[in-house]
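S.K.: Here is a sequence with its predicted model. Questions after.
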Amino acid sequence: MNALEHQLDYPFGDTLPEPGTTREVAPGVFWLRMPLPFALDHINLWLIRDEIDGQQGWTVIDCGITSDEIKQNWETIFDTLLDGLPVLRVIVTHCHPDHVGLAHWVCSGGDKARWDVRLWMTLGEYMMGRVMAAGDGSNAGGPGAARHFERHGLTDEASLDQLRNRTGYYPKLVPAMPSQYRRLRDGDGVTIGGRTWTVVTGFGHSPEHCALHCEASGVLISGDMVLPRISTNVSVFDIEPEGNPLALYLESLGRYETMPADTLVLPSHGKPFRGMHTRIVQLRDHHAARLAEVLEACSQKPHSAADIVPLMFRRKLDIHQITFAMGEALAHLHLLWLQGQLRRAQDDDGVIRFSA
């Protein structure tokens, strides 16, 4: 644990559910943990015992990427841990591949086509997933992403070439999206397992992220909006090149500050924890410190996003991490720029730089 983690309470300690198994973390709420082939090597998924229109079964929340390993883990769960009951619906918090990648497959009942159920998402997340799964653009690669990061100072030709050729990143992990869905909106009350879960939308990390809060149980399924160990990625990508996602994210954190301090937070990465108010203070302090560093650097001389990356990420990055690091550096620059604390200009070399 790092020092900040010591300020949080982990009620289940270091015990993690093995792939293909579950652990009950609240009445009727079960924790699954699936592997990911990235530096962030896992995702937490959730099963809730449910009943819809008199039929007993389960609600699945988030699905993992499309991979044979995760499919096999799900198949084991379907066959052995659902008490012979079907999945009744699939709720996905947002459109990133580790959350929605297998939704089409889980909705259709896995390899054995056990059921055919509806996907529930917000409009913004569903539509963005449909666009990217169709290969019509991806934040993580393709010619548009390469041009975007080149304008912001990424000059390494090998990295740019990797980005240009990374056109299949999203469709590989999310090969299909269900052709129909049921819309979730902020403030909706969704009855799951006889209890009301309120939809809490958040912004900055993704277009219209859906967290679920059950006040009666004291549980928040936070998705990626509140994580215990790492800060949520907040990036400016090519699809919205003048975006201000960090302002949106910091504003969204206020939605969770009004929840009870002892809320059990079920995050998509890391371990379930209590101490959400403390964690939000940590996150706000983290971004305030990064913003101060960026402003100080740009006060000394003009900086591009690529110049800012080594200030914020003091380690070697692979191409997957570079896209997020560049996007996050730009998010901090844009907040200061759009607040009027920085100016931006495109220099003769075609690179955009920011100065105080």
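M.R.: Received, thanks. Residues are numbered from 1 along each chain as shown.
S.K.: rest of the way, CA atoms for contacts and neighbours
M.R.: Fine.
S.K.: what separates the residue nearest to the spatial centre of the chain from Glu293, distance-wise?
M.R.: Note on the chain: the residue nearest the mean C-alpha position is Asp224, at 4.1 Å, using C-alpha atoms, centre = their mean. Per C-alpha to C-alpha, to the nearest Å, Asp224 is found 25 Å from Glu293.
S.K.: cool, and Asp188?
M.R.: According to C-alpha to C-alpha, Asp188 stands 39 Å off from Glu293.
S.K.: Which residue ranges of this protein form helices?
M.R.: 68-80, 97-100, 103-107, 123-133, 143-151, 157-164, 169-173, 245-257, 276-300, 305-312, 319-338 (DSSP state H).
S.K.: contact partners of the third one?
M.R.: This points to helix 103-107. Contacts with helix 103-107, where a contact means C-alpha atoms under 8 Å, 6 or more residues apart in numbering, come from 62-64, 87, 89-90, 92, 111, 115-119, 176-178.
S.K.: pLDDT averaged over that helix, what's the number?
M.R.: For helix 103-107, the mean per-residue pLDDT is 98.
S.K.: How about the fifth one?
M.R.: Helix 143-151 shows an average pLDDT of 95 in the prediction.
S.K.: and what of the last one?
M.R.: Regarding helix 319-338, the rounded mean pLDDT is 95.
S.K.: Let me see the contact set for Leu291.
M.R.: By C-alpha under 8 Å, 6+ apart, the neighbours of Leu291 are His332, Leu333, Leu336.
S.K.: What is the burial count for the first one?
M.R.: I take that to be His332. 27 (other C-alpha atoms under 10 Å).
S.K.: pLDDT score assigned to the residue lying closest to it once chain neighbours are set aside?
M.R.: Closest residue to His332 apart from its sequence neighbours, by C-alpha to C-alpha, 6 or more residues apart in numbering: Leu291 at 6.0 Å. At Leu291, the pLDDT value in this model is 98.
S.K.: just Lys172 next, same as before
M.R.: 94.
S.K.: surely Gln7 meets His277?
M.R.: No. The pair Gln7 and His277 does not pass the contact test of C-alpha atoms under 8 Å, sitting 10.7 Å apart.
S.K.: Those two: which is more packed in?
M.R.: Each of Gln7 and His277 has its neighbours counted (other C-alpha under 10 Å); His277 has more, 20 against 13.
S.K.: can you give me how far stretch 71-89 is from the chain middle?
M.R.: Put simply, stretch 71-89 sits 24 Å off its chain's centre (C-alpha atoms, centre = their mean, to the nearest Å).
S.K.: mind checking the end-to-end distance for that stretch?
M.R.: End-to-end distance for stretch 71-89, by C-alpha to C-alpha: 17 Å.
S.K.: mind checking how far Leu264 is from Pro228?
M.R.: Leu264 sits 12 Å away from Pro228, going by C-alpha to C-alpha.
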